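**Student:** kindly generate the corresponding structure for this input.
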Amino acid sequence: MAAILGGGLGGLSTGYYLLKNNVTSNNNLKLFLLEATNYCGGWIKSIRTKDYIFEQGPRTIRPKGIVGLNTLNMMQDLGLSEHIAPIKPGHPAAKNRMIYVNNTLHLLPSSLKGVFQRNDPFSKPLIYAVFKDLKQPIKEMKDDSIYNFVERRFGKEIADYAISPMICGICAGDAKEITVKFLMKTLFEYEQNHGSVMKGFMKSIFKTKNGQELELSELARKAQEEKWNVYTIKGGLETFPTILHEHLKENNVNISLNSKVEEIEFIDSSTVKLKKGNGETLSVSHVYSSIPSHALAKLVQKQHPELAKSLGEIPFVTVAIVNLYFATDKPLISPAFGFLVPPIENSPILGVVFDSCCLPDQKGTVLTVMLGGKWFEEKFGKDITEKRLLEIATKEIDSILNIKDKPAAHNVNILNKCIPQYVIGHYERVDKIRDYIQNNNLPISVIGSSYDGIGVNDVIYSAKTQVEEDCVK
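**Tutor:** Coordinates of the predicted model:
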């Protein structure tokens, strides 16, 4: 028997790939999935009504790269192809992305032409950043923050107005703490190996690509051919984990909700005891942990304090989500994906997504305001109420977008410790965790956003690669 801890996207995907690799049928392996709450899907939650959809977590998925194409393969396999709603290059949500600086919304360049023009709040055309990179001497380092790297190679304005807000939008974090390897590992390697990013990039053009090959589904090929920018699922992204959940149940995976594990005890290299909160014990041959690293740390603390310490050192941040629905036919916003706010603006919000532009089947105007992240406690203290967060969000919407209407509906959700932060040294820490597991012959695999990437695609691909590695052993 094997057990999956956590019924979020990582846990559900692990079950999917165990079934896909015929692990259960080939080994007569009974598979359990234990979820501590009453819901499978993790942070992906959609509030649906006839007029609008409020997304509580992710709302769109990028189809790019091997990890993005892999997700599309899964989507087709689950029968979701006809439910996909793509955003293509010509769509306003693909072209129009903004930042809020000096009390003004600024459209970021979205074409090659824009790189050669001066666009506020930048004092020079972005092409000048290339010249700076070519002139800047190399600084040999093993790791760096993404902010320092970009400031060093391309200038302070790019770091402040492009990279810092982007990090806020992706992981609600501080670019001055997040490792450059999180998003720019290849660019960092260009600098370290060739003296500058551009020199490394030019040399890479003439190299043969030896990347992993992936057999593409019809849906993945379509996304490539039509150059999708992002995509979502009609009716809300929650449809995805719901279908995954049903797929696992149909294939005899034993899914237990409200089933919290209090302690993990490793008996030997092929026996693990999972002690539940209700006093029950489940004995299995292998554990796939997709729960947050800090939660796993508590479960192994008693028997493996050194492992627990490494797991507990991965920081997480809390984000508040305020969804707003304005029931009016008049346009309240310009068509765009939304805007982000650089940390130097010292705003209480991280950014706003224009859901009525990004998501299909929305009536009126639907906005999602993101607050907190790395600065949650600093901005709001420990006892902020949902009512107060709603007041802050609506005030900022009024100030920035000049929306005087009162929302006809709203939802406020505080997502406690929802996003791991890949600070400097993160990947070395993850290697240390997995080395400890291997060196001590512990029958456990760690999967998901705590380790291998925080996006939807990353979490799914983490499950795929881990299951495939375990199948080879």
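
**Student:** report how many residues lie close to residue 352.
**Tutor:** 26 (other CB atoms under 10 Å). Quick note: C-beta positions are derived from backbone N, CA and C, even for glycine.

**Student:** is the nearest residue to residue 312 once chain neighbours are set aside in a helix, a strand, or coil?
**Tutor:** Take residue 312 and drop its neighbours on the chain: the residue closest to it by CB to CB, 6 or more residues apart in numbering is residue 297, 4.1 Å away. With DSSP: H, G, I helix; E, B strand; the rest coil as the basis, residue 297 sits in helix.

**Student:** how about the contacts made by residue 297?
**Tutor:** Contact analysis of residue 297 by CB atoms under 8 Å, 6 or more residues apart in numbering lists 307-309, 311-312.

**Student:** can you give the contact residues for stretch 57-66?
**Tutor:** Residues from elsewhere that reach stretch 57-66 (CB under 8 Å, 6+ apart): 42-45, 68-69, 71-72, 86-87, 211-212, 214, 220, 223-224, 228-232, 237, 321, 353, 355, 358-359, 368, 415, 418, 455-457, 461.

**Student:** for it, which positions count as buried?
**Tutor:** Buried positions in stretch 57-66, judged by neighbour count with 16 or more other CB atoms under 10 Å: 57-63.

**Student:** any idea how far apart the tips of it sit?
**Tutor:** Across stretch 57-66, the terminal residues are separated by 23 Å (CA to CA, to the nearest Å).

**Student:** try stretch 274-293
**Tutor:** 17 Å.

**Student:** and it, what's buried?
**Tutor:** 274, 276, 282, 284, 286-293.

**Student:** repeat that for stretch 379-394.
**Tutor:** For stretch 379-394, by 16+ other CB under 10 Å, it's 379-380, 384, 389-390, 392-394.

**Student:** same deal with stretch 220-228?
**Tutor:** Residues 220, 222-223, 228 are the ones in stretch 220-228 that count as buried (16+ other CB under 10 Å).

**Student:** any stretches of the stretch 151-300 of the chain with poor pLDDT?
**Tutor:** Within the stretch 151-300 of the chain, the ranges that satisfy pLDDT under 70 run 207-212.

**Student:** just the buried residues of the contacts of residue 297.
**Tutor:** Using 16+ other CB under 10 Å as the burial test, those include 307-308, 311-312 as buried.

**Student:** run through the strands of the stretch 151-300 of the chain in chain order.
**Tutor:** Ranges of strands in the stretch 151-300 of the chain, per DSSP state E, counting those that start in this stretch, are 230-233, 254-256, 261-268, 271-276, 281-284, 286-289.

**Student:** for residue 302, which of the ones you listed is the nearest?
**Tutor:** For the strands of the stretch 151-300 of the chain, distance to residue 302 was read as CB to CB. The smallest value, 6.4 Å, belongs to strand 261-268.

**Student:** and the closest one, what other elements does it pack with?
**Tutor:** strand 271-276, helix 293-300 (3 or more CB pairs under 8 Å, 6 or more residues apart in numbering; DSSP states H and E).

**Student:** ramachandran coordinates for the residue nearest the centre of the chain?
**Tutor:** Centroid-nearest residue in the chain: residue 455, 2.6 Å away (criterion: CA atoms, centre = their mean). Main-chain dihedrals, residue 455, degrees, to the nearest 10: phi -80, psi 170.
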